[in-house]
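*Asks:* all I have is the shape, not the residue letters:
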């Protein structure tokens with residue numbers, strides 16, 4: 001294998017390992033607060049108008065404090081085939097939200113993702129949740145009950161009566177929220193009503209109970225563009241948009257405004273803990289309704305939705321609000337005036353094909369195998385071209401070495417004579433590498449598709465159970481192979497492939513290249529088993545293709561000899 005092939009392999013490995021970390025798009029912190037948008041420069045996504053966290057207008061004086069009716073602390077349980085949730089009477093918070101998705105997955109956990117429910121904020125006063133009464137203690141959905149409602153009603157200490165109706169669905173992670181705010185006081189009022197979720201800026205010390213449990217980023221869609229930032233870089237934002245949420249690589253908690261006047265809100269807050277030496281710093285996202293002046297007897301009503309669940313592309317896209325953009329596929333950067341090449345164009349069809357295979361095989365491991373086979377079949381003509389070019393280069397290697405010895409003191413003459421030799425024999429020196437370079441975007445798209453696919457979490461391939469706390473063998477395609485059998489097989493297959501590849505350069509370089517399988521084996525030890533399965537099978541198919549080509553080449557070489565003997 002020559003230096004160009006080596007470089008192509010190293011570039012591919014660099015793309016697979018470090019590309020998302022380097023080119024992960026992060027939104028810069030916006031400090032200004034204009035109400036209008038400046039014209040966007042070519043190739044750059046316009047940033048929606050942002051402002052600091054708005055305070056309600058101070059022109060309306062706050063009414064005197066009026067004690068809210070005492071409400072006993074109660075909870076309601078919501079049971080659906082997709083999740084089990086608990087709703088508390090204190091603001092309608094959700095102290096527990098457990099997904100039933102490839103196992104039990106507690107989305108809400110102490111010190112991690114937390115629901116703050118409905119909060120009322122007034123100028124100069126701390127925000128506080130509203131004590132609510134619950135219309136029921138249990139909402140159970142099933143085949144005969146496709147949807148159900150839970151009504152929460154309460155008052156704050158200033159005469160605002162808040163009613164929230166939550167509608168749950170048997171086959172969806174979406175919850176519909178209908179909010180009504182009435183001014184039951186004798187004077188006009190101004191206040192902000194918020195529905196929020198929070199997550200700590202620093203990740204909890206307790207290990208995750210499932211992969212992707214703790215949110216790592218804030219993501220929002222405003223002005224038709226998606227903006228991401230890590231929790232540590234939480235900015236102040238308030239403005240119109242399609243949705244906002246807290247996300248990990250595989251799970252999403254999003255809030256979606258469905259009525260005019262509901263704004264997205266992002267801020268950083270602190271929360272004092274009795275058992276903590278210092279206040280806890282939190283990233284808070286939510287929906288904000290600014291009631292500038294609500295007259296006596298007047299009311300405001302609005303609609304919103306929340307999504308708490310896995311980032312399944314088809315499920316998110318079906319909502320029709322661009323929530324599928326929360327899945328980050330990455331992309332190859334291009335000059336600013338040309339934008340970028342999103343991997344979504346390639347990764348989404350690959351995901352679609354993998355899911356179609358799963359519908360017939362009921363095993364994502366077999367779906368990955370079929371996907372790999374189709375990929376190798378499609379690129380087989382390029383593989384033939386690459387191997388033919390390598391063999392032609394190998395045949396010219398003695399003459400190239402002779403030229404190197406003859407013109408070692410004249411590099412320019414050596415280059416001219418070498419290129420003349422290539423032209424005389426109609427050999428393209430890049431023919432062995434160009435097919436591989438063409439395949440790099442496809443390989444990277446496959447890598448991304450398998451990396452972001454939440455569907456392969458807890459999906460077994462060949463699972464014999466557990467022994468001494470260890471899975472036997474691949475019981476979760478999203479996790480590493482606990483037995484390390486698959487990475488070792490990948491290294492062995494890569495070594496065999498290296499030995500079969502024609503040697504075109506210095507034999508000493510070929511010996512050094514034999515260390516590449518060892519390096520790749522260690523790189524793949526902790527990667528998801530689904531990715532290692534794809535790479536291992538790809539190597540095996542490459543070996544089979546090389547064997548086939550060697551056999552066909554041998555037959556072609558022996559054909560004239562056989563014809564001469566017959567003659």
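*Replies:* Arrived safely. Computed from a predicted structure; not experimentally measured.

*Asks:* what pLDDT is listed against residue 338?
*Replies:* We have a pLDDT of 40 for residue 338.

*Asks:* got the residue ranges for the strands in the stretch 151-300 of the chain?
*Replies:* For the stretch 151-300 of the chain, the strands defined by DSSP state E, counting those that start in this stretch cover 160-169, 174-183, 189-200, 217-222, 225-230, 237-239, 243-247, 251-257, 262-271, 280-294, 299-310.

*Asks:* which among the ones you listed is found nearest to residue 420?
*Replies:* Across these, residue 420 has its closest neighbour in strand 225-230 (52.9 Å, C-beta to C-beta). For the C-beta atoms, the positions are set from N, CA and C on the backbone; glycine is no exception.

*Asks:* what pairs with that closest one, parallel or antiparallel?
*Replies:* Paired neighbours of strand 225-230 in the sheet (DSSP bridges): strand 217-222 (antiparallel).

*Asks:* in the strand it pairs with, which residues are buried?
*Replies:* 217, 218, 219, 220, 221, 222 (16 or more other C-beta atoms under 10 Å).

*Asks:* output the below-cut-off pLDDT ranges for this protein.
*Replies:* For the chain, residues meeting the criterion pLDDT under 70 lie at 1-71, 274-277, 331-342, 430-436, 502-511, 556-564, 567.

*Asks:* got the domain boundaries for it?
*Replies:* 68-201+214-327, 343-556 (automatic domain parsing).

*Asks:* make CSV from these and add distance to residue 566 to it.
*Replies:* Listed next are the domains of the chain as CSV, based on distance: least, C-beta to C-beta, whole Å:
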stretch, distance to residue 566
domain 68-201+214-327, 61
domain 343-556, 15
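
*Asks:* show me the two of the buried residues of strand 217-222 that sit farthest apart.
*Replies:* Longest span within the buried residues of strand 217-222, C-beta to C-beta: 217 and 222, 15.3 Å.

*Asks:* on that earlier part again, let me have the strands of the stretch 151-300 of the chain in CSV, adding distance to residue 460 as columns.
*Replies:* Shown next, in CSV, are the strands of the stretch 151-300 of the chain (distance: least, C-beta to C-beta, whole Å):
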stretch, distance to residue 460
strand 160-169, 29
strand 174-183, 29
strand 189-200, 31
strand 217-222, 29
strand 225-230, 32
strand 237-239, 42
strand 243-247, 26
strand 251-257, 20
strand 262-271, 39
strand 280-294, 35
strand 299-310, 17
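
*Asks:* wait, which of the ones you listed is closest to residue 426?
*Replies:* strand 225-230 (49.1 Å).

*Asks:* just the angle for that closest one relative to strand 280-294, thanks.
*Replies:* In terms of direction (axes from the mean of the first three to the mean of the last three C-alpha atoms, to 10 degrees), strand 225-230 departs from strand 280-294 by 140 degrees.

*Asks:* what angle do strand 225-230 and strand 243-247 make?
*Replies:* Using the same axes, to 10 degrees: strand 225-230 against strand 243-247 is 30 degrees.

*Asks:* now do the buried residues in strand 225-230.
*Replies:* For strand 225-230, burial by neighbour count (16+ other C-beta under 10 Å) applies to 225, 226, 227, 228, 229.

*Asks:* let me see the ranges of the helices in this structure.
*Replies:* Ranges of helices within the chain are 3-23, 313-317, 344-361, 364-378, 380-406, 411-424, 434-452, 485-500, 507-513, 516-524, 529-566, based on DSSP state H.

*Asks:* for the third one, buried residues please.
*Replies:* The neighbour-count check on helix 344-361 (16+ other C-beta under 10 Å) flags 344, 346, 347, 348, 350, 351, 353, 354, 355, 357, 358 as buried.

*Asks:* so who does the last one touch?
*Replies:* Pointing back at residue 358 there. 364, 367, 455 (C-beta atoms under 8 Å, 6 or more residues apart in numbering).

*Asks:* again, but for residue 540
*Replies:* residue 493.

*Asks:* that one and residue 442: what is the separation?
*Replies:* 18 Å (C-beta to C-beta, to the nearest Å).
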